[in-house]
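Colleague: model the structure of this input:
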Amino acid sequence: MAEPKKEEYKVVQRVPFWLAVALTVVISIPFGVFLGPYNIALWSSFIVWAEYFVFGATYKALKYIYTLFPLGALWGAISATLIDYFVIYLHSNLVLNVVVWLFIWVAVMVYIMKYHENFTKYSLAYFNGLSMYLAFYFAHIGPGMGGGPLISNPLIDPWILWVWCYLSAILGGFLGWLNVQLTFPKKVRVS
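Modeller: You can find the predicted model right below:
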């Protein structure tokens, strides 16, 4: 007896991808322009948007982005807090502290990767979390530019930056999801 023929399907985009991307960009603009000190850094969101597609443009991709990105950024926030403390309160050398604290926390960040395969498999989100955080911190991204409502406290501001860095990732994942939805995908049977 012959096996029944398995039906094959493909996804058809009813709106062209290029148009869906352009619409998604326009939809994102208010989040980076009209929220005042609560603006979100769209450049960081766009990087995460691309991650969404690298990870397969599925809900599962969001799971890895939304867990590994903030964890990667956490190592940057810890480093920034220690750098600020040693430089501002102990009058220690800035460059020396950047080197020492980033060395320590990046080493810890990479060391723990051996304990779960997702750290390696989805390392793009993990390392982008750190790199985006460091971009926020070293570029002095402030209120209105996507860094959140900073309060000029060197021990609290690194954590406000961490929250806004994570918000940029949340928005980026949403933009990736929205981009797919705006193509109005339809599953059709292949003849």
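
Colleague: I'd guessed V163 sits against L150; true?
Modeller: No - contact status for V163 versus L150: not in contact, 10.7 Å apart, counting by CB atoms under 8 Å. C-betas here are computed from N, CA, C, even on glycine.

Colleague: what's the neighbour count on V48?
Modeller: Counted by other CB atoms under 10 Å, the residues lying close to V48 total 26.

Colleague: please apply the same query to I29.
Modeller: Using other CB under 10 Å, I29 has 10 neighbouring residues.

Colleague: just checking, what packs against the helix or strand containing it?
Modeller: Using DSSP states H and E, I29 falls within helix 17-33. Contacting helix 17-33 under the criterion 3 or more CB pairs under 8 Å, 6 or more residues apart in numbering; DSSP states H and E are the following elements: helix 42-54, helix 157-181.

Colleague: nearest spatial neighbour of I47, skipping sequence neighbours?
Modeller: N128 (6.2 Å; CB to CB, 6 or more residues apart in numbering).

Colleague: any low-confidence regions in the protein?
Modeller: Counting by pLDDT under 70, the chain shows low-confidence ranges at 1-2.

Colleague: gap between the residue nearest in space to the middle of it and S44?
Modeller: If you average the C-alpha coordinates of the chain and look for the closest C-alpha using CA atoms, centre = their mean, you land on A169, 3.3 Å from that point. Look at A169 and S44: by CB to CB, to the nearest Å, they are 7 Å apart.

Colleague: likewise G32?
Modeller: Computed with CB to CB, the distance linking G32 and S44 is 10 Å.

Colleague: with Y115 instead?
Modeller: Noted for Y115: a distance of 27 Å to S44, by CB to CB.

Colleague: compare the two (neighbour count), which wins?
Modeller: Using other CB under 10 Å as the criterion, Y115 and S44 rank with S44 on top: 28 against 8.

Colleague: so that one versus I78, what's the distance?
Modeller: Taking CB to CB as the measure, S44 falls 19 Å from I78.

Colleague: run a quick neighbour tally on F136.
Modeller: Look at F136: counted by other CB under 10 Å, it has 28 neighbours.

Colleague: now it. Its backbone dihedrals?
Modeller: Backbone torsions of F136, given as degrees, to the nearest 10, read phi -60, psi -50.

Colleague: ok, now which ones touch the closest residue in space to it that isn't next to it in sequence?
Modeller: Using CB to CB, 6+ apart and skipping the chain neighbours, the partner closest in space to F136 is L161 (4.9 Å). When the contact criterion is CB atoms under 8 Å, 6 or more residues apart in numbering, the partners of L161 are 77, 80, 133, 136-137, 141, 147-148, 150.
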